[in-house]
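Participant: Prediction below, plus the sequence it came from.
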Amino acid sequence: MSMNSSPWWKEATIYQIYPRSFFDTNGDGEGDLPGVTSKLEYVKSLGVDAIWLSPFYTSPNIDGGYDVADPRDVDPRFGNLADAKQMIDVAHSLDLRILVDVVPNHFSDQHVWFQEALKAGRGSSARSRFHFYDANPDGTPPNNWISLFGGPSWMQVEDGQFYLHLFDSSQPDLNWDNEEVATDYEKTLRFWLDLGVDGFRIDVAHGLVKEDVLKDHPNPQGLSDALRLDMSMDSEKRYELLSSVPYFDRQGVHEIYRKWRKIFDSYGDRDVMAVAEAWVHPPVNATRYVRPDELHQVFNFDLLDAPFNAEHLYDVVSRSIELMKSVDALPTWALSNHDSPRVASRLGDLQSRALALFVIALPGSAYIFAGQELGLPDGVISDEFRQDPIYFRTNGLQKGRDGARVPLPWDGDTAPFGFTSGKPWLPMHDSWKELTIDKQSVDPKSSLNLYRNALNLRAEHLVNNGEIKWLNSPHHGIKNPSLLAFSRGDMSVYMNLGETAIEVEVTGKVLIVTAGIPDSRDGKLTIPPVSTMWIHH
Ligand code: GLC
């Protein structure tokens, strides 16, 4: 394929909106679709290519809408289908693509199918759409699997049967061996494509097919710990535990995506794309999701918990690129999302700016979680306000993901900073007053303007500009262990991870730097401490 005919998604920047936290137009304290539509000009001004929206479907909202009661309708809290259509149309008029989030691993227990299953009783076809089984003779659940949100992954219903839920008990897993499930889901994909969306983010894409449902796992607690990003564990042990998970990354999921790909391709020059949320081990397994007849992208989660360390980052970046190259695909990059601590809190302000600029220059697609462009930290939330089911299912042991989901500060000097005229669904604090979009828009040194400039420069100088060549890394011509540098086309990118300035021999024009003032003299350039610099040659 020639460079110019690359599809839009190959090297895109995709902005993730958590609709509940974006912008509220009706004063109920939660964001909504008209809120998204009204702020699309802002999104456009960032220089991104597309938006991925977390779920806004009919939902009792136990798991922030990832508990879907009707995948083909909009929850009234967010508006209605006409609002969704309007949002898509306005986005398209601004040349922004829209990806919606589909959640095929489970439904909400409020979905009519599950309600039917409860009434229909054991052995019914209504129950066979989910994983219903009898209890063991001693009354215990059919196996010992632990839910990803903590506690057992089985819930007992009135007649004594249990159903499987890998997440909250309000999220019964669907049985993908049942043809009706597959057919219904295909209907959902077509529904949104017919409404005009450009593609999908597929939630828990690796989870749809289960094996050995009636077998105990030899180490369910170990496995559950190994699946947690925030749990430190010897990496070999983690590797071993994750190498075969009876409910993740089974071969059968690929057959599903081959069928889906045919649907996507049937929309022809609409260039529909899909990205998989697939946490898989070993990492090479991720490449299977992006084989030419499957999906287009797979999330790479390696940077979500990566330390600000040259050796570690070099390993992650070079490995991700090599892995995807083996299937002729490009990697994806993400520093934050709605499930993990925000990068500014995790690494610090300067560090997260430096890393963002480094990552935005790499080949592939960069995902940016709304608020990341502002350098937002996690919100401070006292326990009484927490909403994440993880907090409740672990009896408060894990605090959950609410911190990353605090609404965006738009303007003004006091919380809720124009996000809502009501009371925001999570507490917001006045301490964010220097971080509002309004204030940052007029400050040339703000994080917001850094992202804007970087995304525009990326489009101009980096997209479709080929592979990277390492100039300095722990394994290539090591000059300074705190420096990572690569060239790409006629650009080079230097990230100084250390606390002291580094002098490098390079000539060219500095296009952007995340901190400090670059000093250039006699063919030598100084890279300020904890900063990234892009140079045009
Ligand atoms: C995915 C979502 C997460 C959700 C879970 C269950 O991991 O990103 O927010 O809780 O799936 O649907």
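Facilitator: Cool, the structure landed.

Participant: Could you give me the buried positions within stretch 239-258?
Facilitator: Neighbour-count burial for stretch 239-258, with 16 or more other C-beta atoms under 10 Å as criterion, is recorded at 241-242, 245, 247-250, 253-254, 256-257. Where C-beta positions appear, they are placed from N, C-alpha and C, glycine not excepted.

Participant: cool, and stretch 503-519?
Facilitator: Residues of stretch 503-519 classed as buried: 504, 506, 510-516, 518 (neighbour count, 16+ other C-beta under 10 Å).

Participant: What mean pLDDT does it get?
Facilitator: Average pLDDT, stretch 503-519: 91.

Participant: Secondary structure added to the buried residues of stretch 503-519, as TSV?
Facilitator: Formatted as TSV, these follow (DSSP: H, G, I helix; E, B strand; the rest coil):
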residue	secondary structure
Val504	strand
Val506	coil
Val510	strand
Leu511	strand
Ile512	strand
Val513	strand
Thr514	coil
Ala515	coil
Gly516	coil
Pro518	coil
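
Participant: Could I have the CA atoms of the strand or helix carrying Glu311 written out in CSV?
Facilitator: Assigned by DSSP states H and E, Glu311 belongs to helix 310-325. Extracted in CSV, the C-alpha atoms of helix 310-325 (Å, rounded to 0.1, in the frame of the first residue of the first chain):
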residue,chain,number,x,y,z
ALA,A,310,14.7,4.8,30.0
GLU,A,311,15.5,1.1,30.0
HIS,A,312,11.9,0.1,30.7
LEU,A,313,10.4,2.5,28.2
TYR,A,314,12.9,1.5,25.5
ASP,A,315,12.0,-2.2,26.0
VAL,A,316,8.3,-1.5,25.9
VAL,A,317,8.4,0.8,22.8
SER,A,318,10.8,-1.3,20.8
ARG,A,319,9.0,-4.6,21.6
SER,A,320,5.6,-3.2,20.8
ILE,A,321,6.8,-2.0,17.4
GLU,A,322,8.6,-5.3,16.6
LEU,A,323,5.6,-7.4,17.6
MET,A,324,3.2,-5.5,15.5
LYS,A,325,5.5,-5.5,12.6
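
Participant: Show residues contacting it.
Facilitator: If you take C-beta atoms under 8 Å, 6 or more residues apart in numbering as the criterion, helix 310-325 is touched by 283-284, 286-287, 290, 300, 302-303, 306, 330-331, 333, 355, 358, 362-364, 467-468, 470, 473-475, 481-484, 497.

Participant: what do you get if the cut-off is 7 Å, keeping everything else the same?
Facilitator: 283-284, 286-287, 300, 302-303, 306, 330-331, 362-363, 473-474, 481-484, 497 (C-beta atoms under 7 Å, 6 or more residues apart in numbering).

Participant: try stretch 379-395
Facilitator: 62-63, 147, 149-151, 168, 396, 398-403, 406, 426-429.

Participant: residues touching Leu227, list them.
Facilitator: So Leu227 contacts Leu148 (C-beta under 7 Å, 6+ apart).

Participant: per-residue pLDDT, it?
Facilitator: For Leu227, pLDDT reads 90.

Participant: Spell out, range by range, the helices that occur in the stretch 251-400 of the chain.
Facilitator: Applying DSSP state H, counting those that start in this stretch to the stretch 251-400 of the chain gives helices spanning 252-265, 310-325, 343-347, 349-360, 389-393.

Participant: would a markdown table of the ones you listed with distance to the ligand be doable?
Facilitator: Shown next, in a markdown table, are these (distance: least, C-beta to the nearest ligand atom, whole Å):
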| stretch | distance to the ligand |
| --- | --- |
| helix 252-265 | 15 |
| helix 310-325 | 20 |
| helix 343-347 | 17 |
| helix 349-360 | 20 |
| helix 389-393 | 8 |
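
Participant: Compile the ones you listed into JSON lines and extend it with columns for mean pLDDT.
Facilitator: Output for those, formatted as JSON lines (pLDDT from 0 to 100):
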{"stretch": "helix 252-265", "mean pLDDT": "98"}
{"stretch": "helix 310-325", "mean pLDDT": "96"}
{"stretch": "helix 343-347", "mean pLDDT": "98"}
{"stretch": "helix 349-360", "mean pLDDT": "98"}
{"stretch": "helix 389-393", "mean pLDDT": "95"}
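
Participant: Dump those helices to CSV, plus distance to Leu193.
Facilitator: Formatted as CSV, these follow (distance: least, C-beta to C-beta, whole Å):
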stretch, distance to Leu193
helix 252-265, 8
helix 310-325, 26
helix 343-347, 32
helix 349-360, 29
helix 389-393, 30
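
Participant: Close to the ligand: what parts of the stretch 401-537 of the chain are there?
Facilitator: Applying C-beta under 6 Å from any ligand atom, one finds that the stretch 401-537 of the chain does not approach the ligand at all.

Participant: Most proximal residue of the stretch 401-537 of the chain with respect to the ligand?
Facilitator: Using C-beta to the nearest ligand atom, the closest approach of the stretch 401-537 of the chain to the ligand is made by Arg401 at 7.0 Å.

Participant: Under the pLDDT cut-off, which ranges of the chain? List them.
Facilitator: Applying pLDDT under 70 to the chain picks out residues 1-4, 477-478.

Participant: swap the cut-off to 90 and go again
Facilitator: Low-confidence segments of the chain (pLDDT under 90): 1-6, 228-233, 235, 243-244, 282, 472-481, 506-507, 516-523.

Participant: where along the stretch 401-537 of the chain do the strands fall?
Facilitator: Secondary structure of the stretch 401-537 of the chain, counting by DSSP state E, counting those that start in this stretch: strands at 469-472, 483-488, 491-496, 502-505, 509-513, 519-521, 524-527, 531-536.

Participant: sec struct for the residue in the chain that the ligand sits nearest to, please.
Facilitator: For the chain and the ligand, the shortest gap (C-beta to the nearest ligand atom) falls at Tyr66, measuring 3.4 Å. Here Tyr66 is coil, with the state taken from three-state DSSP.

Participant: Now do it against Trp260, distance only.
Facilitator: Tyr66 sits 19 Å away from Trp260, going by C-beta to C-beta, to the nearest Å.

Participant: and if you look at Thr532?
Facilitator: Noted for Thr532: a distance of 37 Å to Trp260, by C-beta to C-beta.

Participant: higher neighbour count, those two?
Facilitator: Taking other C-beta atoms under 10 Å, Thr532 and Trp260 do not tie; Thr532 has more neighbours (29 against 23).

Participant: Would you confirm that that one contacts Ala354?
Facilitator: Yes. Checked against C-beta atoms under 7 Å, the pair Thr532 and Ala354 is within contact range at 4.3 Å.

Participant: Mutual contacts of these two, please.
Facilitator: Joint contacts of Thr532 and Ala354 (C-beta under 7 Å, 6+ apart) are 495, 514.

Participant: returning to what we had before: when you filter the contacts of stretch 379-395 down to buried only, what's left?
Facilitator: Among these, those scoring as buried are 62-63, 147, 149-151, 168, 398-403, 406, 426-428 (criterion: 16+ other C-beta under 10 Å).

Participant: rewinding a little: the helices of the stretch 251-400 of the chain: which one's closest to Met491?
Facilitator: Met491 lies closest to helix 349-360 among the helices of the stretch 251-400 of the chain, at 11.6 Å (C-beta to C-beta).

Participant: so how far is that closest one from its chain's centroid?
Facilitator: Relative to its chain's centre, helix 349-360 lies at 17 Å (C-alpha atoms, centre = their mean, to the nearest Å).

Participant: Can you name the residues in contact with that helix?
Facilitator: With C-beta under 7 Å, 6+ apart, helix 349-360 has contacts from 303, 308, 333, 335, 343-344, 347, 366, 375, 447, 450, 454-455, 458, 493, 495, 512, 514-515, 530-532, 534.
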